[in-house]
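Engineer: quick one, structure for this:
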Amino acid sequence: MSVFGIGLAYGIATLVVMFSGMPIAFALGAVAVVFMGIYMPAASLDTVTQNVYEEMASITLLSIPLFILKGAAIGKSRAGQDLYSALHAWLHRVPGGLGVANVFACALFAAMAGSSPATCSAIGSAGIPEMRKRGYSGGFAAGIIAAGGTLGILLPPSITMILFAVAAEKSLGRLFLAGIGPGLLLVSLFGVYAVIRFRQEYAAAEAIYKNGGPEAAILARDEYTLAERFSVLPRVIPFVLLLTGVMIALYGGYATPSETAGLGGLLALALIAAIYSVWRPSDLAPILKSTIRESTMLMMIIGMSLLYSYVMSYLHISQSAAESVVAMHLPRWGLLFAILVMVVVLGFFLPPVSIILMTAPIILPPLRAANFDIIWFGVVMTIVMEMGLIHPPVGLNIFVIRNVAPDIPLREVIWGTLPFVLLMMLAVLLLCFVPGISTALPDLVMGPDGSR
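Structural biologist: Prediction:
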């Protein structure tokens with residue numbers, strides 16, 4: 001059979017197995033092993049475990065469970081709710097300040113946890129009930145949290161970016177720095193939208209009230225004294241200092257990503273023990289169980305995805321696909337558009353982890369040939385994958401929101417997230433026209449990258 005036929009069969013088999021409901025890790029591993037048995041030497045099956053081990057033998061991947069531990073320690077304590085409360089107290093005078101506070105809370109928590117679902121769950125469990133109580137519509141409240149949660153895979157320490165750095169063989173520190181500017185851009189866009197949407201809902205409620213209708217909760221205003229504002233800071237500042245210290249250790253060259261992740265995890269455990277008295281075995285059990293469960297799931301997906309990519313490479317599927325893309329002689333930006341559309345479609349069905357590890361061998365060679373900055377592309381691809389977290393049919397954050405706020409209909413949640421998908425598209429366009437948003441900071445801190 002030709003390489004094209006094998007590749008087509010490989011893709012169809014993958015879709016069939018995935019749509020059967022089998023977990024992603026086992027689906028990818030099963031397809032890879034079956035095709036190894038059919039098209040590769042029989043002895044190759046004896047080396048499956050060795051191949052998976054060699055593919056995963058990266059010190060960078062060690063940082064993933066350690067960052068997950070840090071996120072679980074913060075997410076399973078009251079740190080997320082206290083962070084949200086502090087921001088609300090300081091931003092309550094801004095029109096739509098509660099929504100803006102949720103956006104900032106998501107951004108800060110994402111930077112501490114590195115996980116989108118964890119951010120959605122931690123901030124949403126406090127933020128959505130508060131927004132609903134103050135008259136925000138269900139779709140608006142759900143959209144803010146779902147979109148804010150996606151910042152978890154863009155702002156460092158992002159687990160998704162760790163995997164992209166491994167797949168692209170690029171500097172993780174440079175990639176982390178490249179995500180900060182676009183992350184702040186998205187925070188700004190989300191915040192501006194929150195203010196505009198709040199004004200619309202406020203004006204509608206005010207018009208109903210002036211016409212003799214009931215006074216909606218959104219018309220009420222919270223007031224905090226200066227003493228009350230400062231009183232909420234002591235529990236939040238240590239975690240912000242933790243985030244700052246981790247960033248300084250990583251970007252200052254004082255520690256490797258794995259060492260930084262380990263230090264962050266231990267300090268997070270120490271902080272929740274000191275501030276929230278979370279130190280007993282019964283208190284730590286949910287944190288450790290969550291860490292083990294999520295780490296095992298991710299590492300299984302990573303291992304099987306790497307085996308899947310290894311088989312693709314051995315059978316020349318990825319090389320042939322890359323050559324076919326190059327042979328199409330698409331214009332430089334046409335090539336980028338086609339690849340991003342493919343990523344969007346894959347986002348309907350797959351999580352970012354699988355998308356990166358499955359597509360990197362195919363898409364990176366043509367992008368390098370077209371002279372695209374791979375670090376810049378990693379950021380753009382991350383934003384596009386963020387869209388997949390909040391658009392149907394398999395937007396992970398949508399289902400997290402449904403668990404946090406089951407009273408909000410799924411239809412409202414989906415309609416509430418769509419404006420944020422459009423804002424992400426706008427961010428991608430801005431990055432295409434002004435790439436310095438992403439590249440300026442790493443070039444400033446680490447010097448120009450000569451290996452683009």
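Engineer: pull up the gap between A79 and L189, please.
Structural biologist: Distance of A79 to L189, given as C-beta to C-beta, to the nearest Å: 26 Å. C-beta here means a position set from N, CA and C on the backbone, and glycine is covered the same way.
Engineer: the more surrounded of these two?
Structural biologist: Ranked by neighbour count (other C-beta atoms under 10 Å), A79 and L189 place A79 first, with 26 against 19.
Engineer: surely that one and P238 touch.
Structural biologist: No. Assessed by C-beta atoms under 8 Å, A79 is found out of contact with P238, at 9.1 Å.
Engineer: which residues are common contacts for those two?
Structural biologist: L271, I275 (C-beta atoms under 8 Å, 6 or more residues apart in numbering).
Engineer: what pLDDT does A427 get?
Structural biologist: Note on A427: pLDDT of 94.
Engineer: how close does it get to V341?
Structural biologist: Applying C-beta to C-beta to A427 and V341 gives a distance of 17 Å.
Engineer: who's more crowded, the two?
Structural biologist: More neighbours surround A427 than the other of A427 and V341, with 24 against 11 (other C-beta under 10 Å).
Engineer: what's the nearest residue to the residue nearest the centre of the chain if we skip its chain neighbours?
Structural biologist: The centre of the chain sits closest to I153, judged by C-alpha atoms, centre = their mean, with a distance of 2.3 Å. Distances taken as C-beta to C-beta, 6 or more residues apart in numbering place T160 nearest to I153, at 4.0 Å, with adjacent residues excluded.
Engineer: tell me which residues touch the one you found, please.
Structural biologist: With C-beta under 8 Å, 6+ apart, T160 has these contacts: I153, P352, V353, I356, T382, M385.
Engineer: the fifth one touches S158, doesn't it?
Structural biologist: Looking back up the chat, that one is T382. Yes. Assessed by C-beta under 8 Å, T382 is found in contact with S158 at 7.2 Å.
Engineer: mutual contacts of the two, please.
Structural biologist: G179.
Engineer: show me which of the two is the more surrounded one.
Structural biologist: Applying other C-beta under 10 Å to T382 and S158 shows that S158 carries more neighbours, namely 27 against 24.
Engineer: what backbone torsions are found at R411?
Structural biologist: Here is the backbone geometry of R411 (degrees, to the nearest 10): phi -60, psi -40.
Engineer: for F372, which three-state class applies?
Structural biologist: coil (DSSP: H, G, I helix; E, B strand; the rest coil).
Engineer: remind me which residues of the stretch 301-450 of the chain are low pLDDT?
Structural biologist: Residues of the stretch 301-450 of the chain meeting the criterion pLDDT under 70: 326, 349, 392-394, 450.
Engineer: quick check on the residue nearest to I153: phi, psi?
Structural biologist: Residue torsions, per degrees, to the nearest 10, at T160 are phi -60, psi -40.
Engineer: do the one 10 residues further on as well
Structural biologist: Torsion angles at K170 (phi, psi; degrees, to the nearest 10) stand at phi -120, psi 160.
Engineer: contact partners for it?
Structural biologist: Applying C-beta under 8 Å, 6+ apart, we find K170 in contact with F164, I374, I375, G378, S451.
Engineer: does the third one touch M446 like I think?
Structural biologist: By that I understand I375. No. Judged on C-beta under 8 Å, I375 makes no contact with M446 at a distance of 10.3 Å.
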